[in-house]
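Trainee: Sequence below, structure please.
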Amino acid sequence: MEKGEALKKHYNKIQLITTDLLGSITYSDTNLFEDWKPGIKITEAHPFFEIISALKESVTVSENKFSFPCVHFETQNNEELICDVTITFETEEISIVVFDYTVAYNKLNLISQERNDSIIKSQELEFSNKLLLEKERFKNNFIANINHELTTPLTSIKGFLSLLEKTDLDYEQEELTKIIKNEASHLQSIFRDMLDISRIESGEFSLVKETFDFVNLIKEIEDSHRVLTENKLLDFQIKLDKKINPLVHADKTRLYQILNSLVGNSIKYTEEGSIILEINKISGKSKKQEIEIKITDTGIGISEADSERIFEPFSQLNELTQGSGLGLHVTRNLVHLMGGSITLNSEVGKGTKFIVTLKLKNAINEDPLTKEKEYHLPKGEKFRILIVENRLNTQYLIMKQLLSQGCFFVDAVSNAEDALKNIENRNYDLIITDIKLPIMSGLELTKMVRNNYADSVIKNVAILGLSGVQVPNILSKAIASGMDSFLAKPFTEESLLQKVSRLLVLKQNN
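Mentor: Numbers count the residues shown, from 1 in each chain. Next comes the predicted model:
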């Protein structure tokens, strides 16, 4: 079975629900139970959810997720489904994942009727374990296997391309470099969508809110798409309502992802005419504002029959265009997770209009965190850095990026054991270590440096963690181990140098 078909199969057996802290449903994809809709209480959907009130009493920071197997529900058609239910308590909402295991449980019952008691127990245990493993593989497959294997080489590809662009290239070489860079970005986008689906459907996805300037975000969207629209001779317009409060508190990364996906989709399917991104404030007071985002194009359009299918995973209406068929599916899920709505108006041959409504919390009295403070190393000083990375290409890339600055001495090793030998024989200002290392991880290495040495130079050395394994809580795990900062792969040369400079300047000031 193809991976896309396997993911579709799992998707059709899952219903995703979010409620507010009072139990009112704010989002439900109605995959399994059509009458479980936004606006009703989750306890009205089924009495089983009365358990949520009792669970609230036992929620802690580390234990906020509860699972219940073999829960019997009845659909509108009087069909009984046997489901596993996972309930996760977030800061501002409750996430519920309902997984339909009816077929599997019926098979277990059939086995129990045909076998004697001893064989029943053996078969049941084996089958239950198989189901649990299948569910776990579905939830973690992308994160545990593809994640690190893809993001690490992407780091090297994009990093070496950036170094190559700084050399003396002729016109043809510059064009070839741009093509490779665009393809690498496309691959990264596909992987990001796959990873988001994995997290959303396993109930492990969460929004990370911060204060930022919404107007600057729209400017970033405009800048990132301006060249492509000019190359296609499209009229790209931005219409921004001046009544919008620019300072908001929301998930900036996911909001950018939504806008980037919709604008990029319009550009992809428009060969002539215009792309218009219009943002208006439709309501709101001092604490919140509701905004309406319209992306209108003059592209090929979408038929009424396909207007819902385009939001399904792995859906491609035009086989000649590139893409994974995941972008709009992820976009709709992100909009719903942010408490908004997305609709589509389109006519074949005349164009398409996407309309997104979102309620954004205002942050009037807070400073925007749109840009991390810049740090500059003292001129004339030299710093010694140890790189701990088991992939030689990534080792070489980081060394080239650091050595090009002219103020670093750099050593590199491939494992934690060699790293410990080095720090015992040479003083370092900074250690850059990958988290996923053979035998001993970067987290374990950091704990040993912090706890096993009396020498203050070793014990207090600045440590920067790197990882392509973007599992939930990786940042908190890195900081808990004793790392001073963390950088996710793939990273840019600019972000690496900024992290390094920050850590070295802060160390000097302590």
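Trainee: List the contacts of stretch 37-56.
Mentor: Under the contact criterion Cβ atoms under 8 Å, 6 or more residues apart in numbering, stretch 37-56 has outside partners 17, 19, 23-28, 30, 33, 35-36, 66, 68, 71, 73, 85, 87, 89, 94, 96. C-beta here means a position set from N, CA and C on the backbone, and glycine is covered the same way.
Trainee: Taking those residues, please make a PyMOL selection of just the buried ones.
Mentor: The following PyMOL line selects those of those that are buried, judged by 16 or more other Cβ atoms under 10 Å:
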select buried, resi 17+19+23+25+27+28+33+36+71+73+85+87+89+94+96
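Trainee: Just the contacts of stretch 37-56: which are in helices?
Mentor: Using DSSP state H, no member of those falls in helices.
Trainee: just for the protein, where's the confidence low?
Mentor: With pLDDT under 70 as the threshold, the chain has low-confidence stretches at 1-11, 111-124, 132-149, 186, 189-190, 193-195, 197-204, 313-326, 364-373, 469-473.
Trainee: Spatially central residue in it, please.
Mentor: Central residue of the chain (Cα atoms, centre = their mean): Asp196, 5.1 Å from the mean position.
Trainee: just to confirm, which helix or strand has that residue in it?
Mentor: With secondary structure defined by DSSP states H and E, Asp196 is part of helix 171-201.
Trainee: which ones are touching the residue nearest to the centre of the chain?
Mentor: Asp196 touches 205, 330, 333-334, counting by Cβ under 8 Å, 6+ apart.
Trainee: ok, Thr19 touching Ile96?
Mentor: Yes - shown here, Thr19 and Ile96 form a contact pair, counting by Cβ atoms under 8 Å, at 7.1 Å.
Trainee: who's in contact with stretch 171-187?
Mentor: Under the contact criterion Cβ under 8 Å, 6+ apart, stretch 171-187 has outside partners 150, 154, 157-158, 161, 164-165, 169, 322.
Trainee: Can you say which two of these are spatially most distant?
Mentor: Pairwise distances across the contacts of stretch 171-187 (Cβ to Cβ) peak at 27.1 Å, for the pair Leu150 and Leu169.
Trainee: Narrow the contacts of stretch 171-187 to just the buried residues.
Mentor: Restricting these to buried positions leaves 150, 154, 157-158, with burial counted as 16+ other Cβ under 10 Å.
Trainee: Quick one: mark the members of those residues that sit in helices.
Mentor: If you go by DSSP H, those have 150, 154, 157-158 in helices.
Trainee: Let's have those residues in CSV, adding distance to Lys361.
Mentor: Written out in CSV, the entries for these read as follows (distance: Cβ to Cβ, whole Å):
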residue, distance to Lys361
Leu150, 34
Leu154, 34
Ile157, 38
Lys158, 34
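Trainee: what's the neighbour count on the closest residue to Ile479 other than its chain neighbours?
Mentor: Closest residue to Ile479 apart from its sequence neighbours, by Cβ to Cβ, 6 or more residues apart in numbering: Phe486 at 7.2 Å. Burial measure for Phe486: 18 neighbouring residues, criterion other Cβ atoms under 10 Å.
Trainee: For Leu402, see how far away the closest residue to Ser467 other than its chain neighbours is.
Mentor: Take Ser467 and drop its neighbours on the chain: the residue closest to it by Cβ to Cβ, 6+ apart is Ile435, 4.1 Å away. The spacing between Ile435 and Leu402, counted by Cβ to Cβ, to the nearest Å, is 19 Å.
Trainee: Make sure Thr270 is indeed in a strand.
Mentor: No - the assignment for Thr270 is coil, going by DSSP: H, G, I helix; E, B strand; the rest coil, so no strand is present there.
Trainee: Could you pull up the contacting residues of Thr296?
Mentor: Neighbour list for Thr296: 266, 274-276, 278, 351-353 [criterion: Cβ under 8 Å, 6+ apart].
Trainee: Pull out the buried positions in the helix or strand it falls within.
Mentor: Counting by DSSP H and E, the element that carries Thr296 is strand 288-297. If you call a residue buried by 16+ other Cβ under 10 Å, then strand 288-297 has these buried ones: 289, 291-297.
Trainee: Give the burial count for Asp20, as a bare number.
Mentor: Using other Cβ under 10 Å, the number of residues around Asp20 comes to 13.
Trainee: how is the protein carved up into domains?
Mentor: 3-100, 114-201, 210-362, 383-509 (automatic domain parsing).
Trainee: I'd like to know which of those domains lies nearest to Glu374.
Mentor: Closest to Glu374 of those, according to Cβ to Cβ: domain 383-509, at 6.9 Å.
Trainee: Would you work out how far apart the start and end of that closest one are?
Mentor: End-to-end distance for domain 383-509: 15 Å, by Cα to Cα, to the nearest Å.
Trainee: The stretch 351-500 of the chain: strands as residue ranges?
Mentor: The residue ranges that make up the strands of the stretch 351-500 of the chain, judged by DSSP state E, counting those that start in this stretch, are 351-362, 383-388, 408-413, 430-434, 462-467, 485-488.
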